[in-house]
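**Student:** Got a sequence here, can you build the structure:
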Amino acid sequence: MSSMLKSKAEGLARQEGIIMPSQQLMKLLDQLKSEMERGSYRKNVKIDTLVRKLKKEGLSVREKQILRMYIVPEFGKLTLSQAIDYSRAFAERVAAEKVKSTGKKELRLLAKLIQLGDPSYRLPNVKFKNPGNKFHAGQILEVDEILTVINNHVHPPYRLPCKVALYTGMRRGNILDLKKKDVDLKRREVRFTLNKIPKPMVVPISNKLAQVFAQVPWPIEDEGLLFPGLIRQALTIGVSRAFTRAGYPWFSFHKLRHTAACFLLENGIALETVSALLGHSSIKVTMEFYARVRPEALRKAVGVFDV
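**Tutor:** Numbers count the residues shown, from 1 in each chain. Okay, here's the model as predicted:
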């Protein structure tokens, strides 16, 4: 090791045109050696030390949950060197057991943690066996079944947002961002803005949805939120757990949006209208989704040409 460092130092000196006395050269070699030793020391730092450092840098609510539930139990007592060695086996297990979107979040946070101690660290390249949580025909629930789960298993503060999603097809973020001024009960309209579409979306208020809004404790100010204090990720996790307890482990808050789309399409609402209501970027997105979850309905639709 010392000969390699000596060669590097001498090469640097030649590039800079410096004639270095032997004493200065040895001093530089000692400095380089010390830096290498510090690098080796960092490999032995405890992961829990890096966890505290990562928390100070700031994490989202979801990242804090991932850190607490999945990473600290596996890596918390390891040294940095041990964590790096174990990270491949951990990544392969995550790729085998979890859907791609969820697993990648865990692995990205793990890499971020390890890189605090070793900036050169890179995640192992793994292939996820489950590419994603695709909604398909076997996962469709009837509206009455969903309402039964919401009323009997979902935590009370989450019930009204769930019903808004079911009756409108709105996304979680749009629902939790709703303010008093966004809901016009006289015109029976809900207005909100999508990130991708600058023009405000307008969703008609059905009788069922009007009954839901009638149960909302309305804020005094127009800028007041309809559902204050609800944390997005907590809502998602709470609803998923409720449906799991009820025997539907694949169902999630976002599936309420999918159910709304199916219900509207199967009751004669035009594809273009449903696509606009859901804020899809194109009608093709709506068609691809519907073809996956209701293939028998599409076959029935094209069957009219055989009459």
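
**Student:** drop to CA atoms for contacts and neighbour counts, all remaining ones
**Tutor:** Noted.

**Student:** my read: residue 244 touches residue 251, true?
**Tutor:** Yes: Residue 244 sits in contact with residue 251 when judged by C-alpha atoms under 8 Å, with a separation of 7.4 Å.

**Student:** neighbour count winner among those two?
**Tutor:** Using other C-alpha atoms under 10 Å, the more surrounded residue of residue 244 and residue 251 is residue 251, with 20 against 16.

**Student:** so how far is the helix or strand hosting residue 101 off the chain centroid?
**Tutor:** Assigned by DSSP states H and E, residue 101 belongs to helix 100-115. Averaging C-alpha positions (C-alpha atoms, centre = their mean, to the nearest Å) puts helix 100-115 12 Å from its chain's average.

**Student:** Just checking the distance from the helix or strand following it to the centre of its chain.
**Tutor:** Later in the chain than helix 100-115, the nearest helix or strand by DSSP H and E is helix 143-152. Taking the mean of its C-alpha atoms, helix 143-152 sits 25 Å from the chain's own mean (C-alpha atoms, centre = their mean).

**Student:** For helix 143-152, what does the pLDDT average out to?
**Tutor:** For helix 143-152, mean pLDDT rounds to 94.

**Student:** which secondary structure elements does that helix contact?
**Tutor:** Packing contacts for helix 143-152, counted by 3 or more C-alpha pairs under 8 Å, 6 or more residues apart in numbering; DSSP states H and E, involve helix 156-168, helix 232-245.

**Student:** now do 7 Å
**Tutor:** The contact analysis (3 or more C-alpha pairs under 7 Å, 6 or more residues apart in numbering; DSSP states H and E) places helix 143-152 against no helix or strand.

**Student:** Tally up the residues packed near residue 239, please.
**Tutor:** The tally of other residues near residue 239 (other C-alpha under 10 Å) stands at 24.

**Student:** Can you read off the pLDDT for it?
**Tutor:** Listed pLDDT for residue 239 reads 94.

**Student:** and what of residue 227?
**Tutor:** pLDDT, residue 227: 93.

**Student:** So it sits against residue 174, correct?
**Tutor:** No: between residue 227 and residue 174 there is no contact, the gap being 11.1 Å when judged by C-alpha atoms under 7 Å.

**Student:** other SSEs contacting the helix holding residue 101?
**Tutor:** Where contact means 3+ C-alpha pairs under 7 Å, 6+ apart, helix 100-115 is packed against helix 47-57, helix 80-97.

**Student:** Could I get the average pLDDT for the longest one?
**Tutor:** The predicted model assigns helix 80-97 a mean pLDDT of 90.

**Student:** which other helices and strands contact that helix?
**Tutor:** Under the contact rule (3+ C-alpha pairs under 7 Å, 6+ apart), helix 80-97 is packed against helix 100-115.

**Student:** tell me which residues in the helix it packs on are buried?
**Tutor:** For helix 100-115, the neighbour count (16 or more other C-alpha atoms under 10 Å) marks 100, 103, 104, 106, 107, 109, 110, 111, 112, 113, 114, 115 as buried.

**Student:** Could you do stretch 254-266 as well?
**Tutor:** In stretch 254-266, counting by 16+ other C-alpha under 10 Å, buried: 254, 255, 256, 257, 258, 259, 260, 261, 262, 264, 265.

**Student:** cool, and stretch 72-90?
**Tutor:** 72, 75, 76, 78, 79, 80, 81, 82, 83, 84, 87, 90.

**Student:** Quick one: low-confidence residue ranges for the chain.
**Tutor:** Along the chain, segments meeting pLDDT under 70 span 1-26, 28-43, 130-139, 194-199, 279, 281, 288-307.

**Student:** Show me how it divides into domains.
**Tutor:** Domain ranges of the chain: 2-42, 47-115, 137-306, per automatic domain parsing.

**Student:** which one of those domains lies closest to residue 129?
**Tutor:** With C-alpha to C-alpha as the measure, domain 47-115 is the member of the domains of the chain nearest residue 129 (5.5 Å).

**Student:** follow-up on the earlier one: now distance to residue 222 too, for the buried residues of stretch 72-90, in a markdown table please.
**Tutor:** What follows is the buried residues of stretch 72-90, written out as a markdown table (distance: C-alpha to C-alpha, whole Å):
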| residue | distance to residue 222 |
| --- | --- |
| 72 | 43 |
| 75 | 48 |
| 76 | 47 |
| 78 | 52 |
| 79 | 53 |
| 80 | 52 |
| 81 | 55 |
| 82 | 55 |
| 83 | 51 |
| 84 | 52 |
| 87 | 50 |
| 90 | 49 |
